[in-house]
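Visitor: Take this sequence and fold it.
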Amino acid sequence: MKVLNPILVLVIMFFVAQYSKTDGKITKTITIDSLGACQGISKQNGHYFLYGDREVGVMREYRLQKDSLIYEHKEYRFTIDGKNIIKHPTGIAYQKGLPTFVGNSVKQDPAGTPWKAEISCINWPGFLKSKKLDGNLIKTIEDDACIQGTRPEYVKYQGKWYVATADYGNKANEVRLYNPQALSKANKTSEKGVLFKKFTCSPWVQNLHWIADKDILVLIQNQIEGHKWRITFIDLEKSLAKGQEVVLAVINTDKADELEGFTFTDQANSGIAVSSSRKNNVSFMDFAFGN
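Guide: Numbering: from 1, shown residues only. Prediction:
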């Protein structure tokens with residue numbers, strides 16, 4: 001039987017106590033245009049990338065200045081020869097030195113039912129330089145191991161990086177961890193060696209966010225399908241050990257639209273949430289962590 005380090009136990013107990021009394025509130029809401037329906041936000045090296053499903057899948061770059069996001073006049077399109085390749089981006093898994101992955105939901109018919117989930121492996125430096133996928137799309141992987149949708153995000157588990165993703169529906173939802181190197185070479189996520197571990201989770205997960213210095217996974221959710229905000233803090237290690245989510249805290253807000261993405265800023269108690277609304281789609285949030 002494995003015995004946990006007593007110091008590690010105390011650290012875990014501290015964070016569980018701290019996050020169990022978490023409170024979050026929206027302090028300011030602004031409108032950022034030209035994204036279509038915004039699908040998420042990714043913080044990378046001090047820059048904030050907001051992405052959405054305009055006439056093509058698009059991403060724009062911003063910098064944080066006090067409580068505003070300032071557009072850097074850099075727009076990136078998920079296209080090849082002008083053709084839409086990632087129309088509905090659903091997550092960006094970025095970690096320096098590892099493959100970068102972008103999720104995509106593809107309609108199989110005009111009615112939009114059913115959807116097919118894909119994960120694209122991208123030459124990220126090349127994409128940021130040329131601002132399009134031409135010559136930068138390494139591989140497109142069908143995420144057939146998913147139940148409904150894909151939302152890639154890097155997480156660290158026992159010293160190793162994995163690509164986590166989650167489902168959106170209300171039945172048999174899972175968070176799954178994929179081996180990034182195996183994923184980058186696969187045609188389908190069901191192939192041997194891609195899936196590492198998984199656990200069941202609550203419904204309506206739109207995106208994931210990893211708090212690296214706390215080893216905590218954040219589920220960015222809706223309270224009901226397509227509406228009302230929920231942010232859930234998950235103990236990743238305990239969840240994987242148990243096979244189902246171990247919740248540290250849940251924050252619900254009275255915002256009625258569709259929460260799509262969230263990231264903490266460089267300030268430990270401040271975050272930015274984005275919704276799919278055309279107006280008032282970016283909200284700044286403050287958090288209080290009790291003990």
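
Visitor: helices and strands of the chain: which one bottoms out on pLDDT?
Guide: helix 6-20 (a mean of 49; mean pLDDT, DSSP states H and E).

Visitor: Next secondary structure after it?
Guide: strand 22-30 (DSSP states H and E).

Visitor: what packs against the next helix or strand after that following strand?
Guide: On the C-terminal side of strand 22-30, the closest following helix or strand by DSSP H and E is strand 38-44. Secondary-structure packing of strand 38-44 (3 or more CB pairs under 8 Å, 6 or more residues apart in numbering; DSSP states H and E): strand 47-53, strand 89-93, strand 205-211, strand 259-264, strand 270-275. C-beta: built from backbone N, CA, C; applies to glycine.

Visitor: and the ones you listed, which is most packed in?
Guide: Comparing those by mean neighbour count (mean count of other CB atoms under 10 Å), strand 89-93 ranks first with a mean of 27.

Visitor: so where's the chain uncertain?
Guide: 1-22, 107-114, 290-291 (pLDDT under 70).

Visitor: repeat that with 50
Guide: 1-4, 8-17 (pLDDT under 50).

Visitor: Run through the helices of it in chain order.
Guide: Assignment of helices within the chain using DSSP state H yields the ranges 6-20, 124-130, 180-185, 236-242.

Visitor: Please give the centre-to-centre distance between the third one and its chain.
Guide: It stands for helix 180-185. 18 Å (CA atoms, centre = their mean, to the nearest Å).

Visitor: Next: stretch 136-147.
Guide: Using CA atoms, centre = their mean, the offset of stretch 136-147 from its chain centre is 16 Å.

Visitor: For it, measure first residue to last.
Guide: 28 Å (CA to CA, to the nearest Å).

Visitor: and what of stretch 272-285?
Guide: 6 Å.

Visitor: Can you list the buried residues in it?
Guide: Residues of stretch 272-285 classed as buried: 272, 273, 274, 275, 276, 277, 281, 282, 283, 284, 285 (neighbour count, 16 or more other CB atoms under 10 Å).

Visitor: can you check stretch 137-148 too?
Guide: For stretch 137-148, by 16+ other CB under 10 Å, it's 137, 138, 140, 141, 142, 143, 145, 146, 148.

Visitor: Closest one of these to residue 123?
Guide: If you rank the buried residues of stretch 137-148 by distance to residue 123 using CB to CB, residue 138 comes first, at 5.9 Å.

Visitor: got a markdown table for the helices and strands packed on strand 38-44, with distance to residue 73 too?
Guide: Below are the helices and strands packed on strand 38-44 laid out as a markdown table (distance: least, CB to CB, whole Å):
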| stretch | distance to residue 73 |
| --- | --- |
| strand 47-53 | 13 |
| strand 89-93 | 20 |
| strand 205-211 | 25 |
| strand 259-264 | 21 |
| strand 270-275 | 19 |
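
Visitor: looking at the ones you listed, which is closest to residue 244?
Guide: strand 205-211 (13.9 Å).

Visitor: Residues in contact with that closest one: which ones?
Guide: Residues outside strand 205-211 that contact it (CB atoms under 8 Å, 6 or more residues apart in numbering): 39-40, 90-91, 151-156, 164-168, 173, 175, 216-222, 258-264.

Visitor: Quick one: buried ones out of those?
Guide: 39-40, 90-91, 151-155, 164-168, 173, 175, 216-222, 258-264.

Visitor: ok, back up a step: can you name the two of the buried residues of stretch 137-148 that are farthest apart?
Guide: Farthest pair in the buried residues of stretch 137-148, by CB to CB: 138 and 148, 25.4 Å.

Visitor: okay, now the closest residue in space to residue 284 that isn't next to it in sequence: neighbour count?
Guide: Closest residue to residue 284 apart from its sequence neighbours, by CB to CB, 6 or more residues apart in numbering: residue 28 at 4.6 Å. Around residue 28 there are 12 other residues, counting by other CB atoms under 10 Å.
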